[in-house]
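Asker: this is a predicted model, with the sequence first.
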Amino acid sequence: MTKLSVNINKIATLRNSRGGNVPDLLKVAKDIQKFGADGITIHPRPDERHIRYQDARDLKSIVYTEYNIEGNPQHNFIDLVLECKPTQVTLVPDAIGALTSNAGWDTIKHQSYLIEVIQEFQRNGIRTSIFVDPDEKMVEGAKATGTDRIELYTESFAHEYGLGNKKGIEPYVKAAIKANELGLGINAGHDLSLDNIKFFKDNIPQLLEVSIGHALISESLYLGLENVVNMYLQKLK
């Protein structure tokens with residue numbers, strides 16, 4: 001079964017909007033795992049507008065499933081990941097001030113830099129994943145960096161699926177086939193939801209993990225967090 005890692009950035013956003021500790025991020029992380037999720041994902045940004053660097057440290061003792069830290073591998077982020085030693089680090093080329101992730105890596109242009117960073121994480125026993133667009137050349141470039149996995153950036157699929165265009169899955173299928181041929185593990189994330197997750201999972205060969213935050217937390221406002229986590233798990237079977 002494809003694993004479900006729940007991104008809890010939006011819980012931190014809600015907490016930070018009023019100060020204090022409501023909702024309690026650590027309790028939510030514990031509960032999500034108790035409800036059956038396979039992992040917890042966080043994406044700290046330099047301005048700490050949602051997940052704070054201290055949250056990443058505090059979660060280290062809370063997450064007993066898989067712990068995935070996403071972000072742009074700048075110096076502070078690298079130091080944080082090496083301190084926390086999560087199960088996986090996902091490298092995302094976020095621009096400073098970006099509202100959300102909006103592109104994958106150019107794994108050819110930035111190959112030397114990615115090789116250096118990935119080797120450092122792997123020396124410390126941390127599995128690595130690179131955020132990439134569904135482009136076979138970028139998948140080939142990712143292989144050359146030595147990364148363990150790629151994470152397919154699924155915004156364009158989700159957009160097209162919402163318009164009723166199921167052909168939007170095609171470049172993802174091609175990218176996944178290429179990744180499988182090259183021996184790369186496949187993760188995916190961004191704008192995946194209860195509406196589109198089953199179709200995506202059913203069409204992507206050997207999909208190991210999806211990371212879902214915004215949609216899952218939004219859906220939980222109506223349906224409840226425990227219920228929604230289990231709805232995703234059912235669709236991923």
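Answerer: Looks like it arrived, so ask away.
Asker: how about low-confidence regions in the chain?
Answerer: 95-102 (pLDDT under 70).
Asker: skip the chain neighbours and tell me the closest residue to the residue sitting nearest the centre point of it.
Answerer: Against the mean C-alpha coordinate of the chain, by Cα atoms, centre = their mean, the closest residue is residue 211 at 4.2 Å. Once flanking residues are discounted, residue 211 sits nearest to residue 189: 3.8 Å by Cβ to Cβ, 6 or more residues apart in numbering. To be clear about C-beta, it is placed using only N, CA and C from the backbone, and glycine gets the same treatment.
Asker: looking at it, the one you found is touching residue 210, isn't it?
Answerer: Yes - counting by Cβ atoms under 8 Å, residue 210 is a contact partner of residue 189 at 5.9 Å.
Asker: residues making contact with the helix or strand hosting residue 80?
Answerer: Applying DSSP states H and E as the criterion places residue 80 in helix 75-84. Applying Cβ atoms under 8 Å, 6 or more residues apart in numbering, the external contacts of helix 75-84 come out as 44, 46, 53, 56-57, 59-60, 67, 69, 71, 89, 117, 120-121, 124, 126.
Asker: the strand or helix carrying residue 130 pairs with which strands?
Answerer: Secondary structure assignment for residue 130, by DSSP H and E: strand 127-132. Strand pairing for strand 127-132, using DSSP bridges, gives strand 88-91 (parallel), strand 149-153 (parallel).
Asker: tell me which helix or strand comes right after the first one.
Answerer: Past strand 88-91, heading to the C-terminal end, the next element that is a helix or strand (DSSP H and E) is helix 111-123.
Asker: tell me what that next one is packed against?
Answerer: helix 75-84, strand 88-91, strand 127-132, helix 136-145 (3 or more Cβ pairs under 8 Å, 6 or more residues apart in numbering; DSSP states H and E).
Asker: for the first one, list the C-alpha coordinates in CSV.
Answerer: Translated: helix 75-84. Taking C-alpha atoms only, helix 75-84 is exported to CSV below (Å, rounded to 0.1, in the frame of the first residue of the first chain):
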residue,chain,number,x,y,z
HIS,A,75,22.6,26.4,5.6
ASN,A,76,20.1,26.8,8.5
PHE,A,77,17.8,24.1,7.0
ILE,A,78,20.7,21.7,6.5
ASP,A,79,21.8,22.2,10.1
LEU,A,80,18.3,21.6,11.3
VAL,A,81,17.9,18.3,9.4
LEU,A,82,21.3,17.0,10.6
GLU,A,83,20.3,17.8,14.1
CYS,A,84,16.8,16.2,13.9
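Asker: what residues sit buried inside it?
Answerer: Residues 77, 78, 80, 81, 84 are the ones in helix 75-84 that count as buried (16 or more other Cβ atoms under 10 Å).
Asker: sounds good, over and out.
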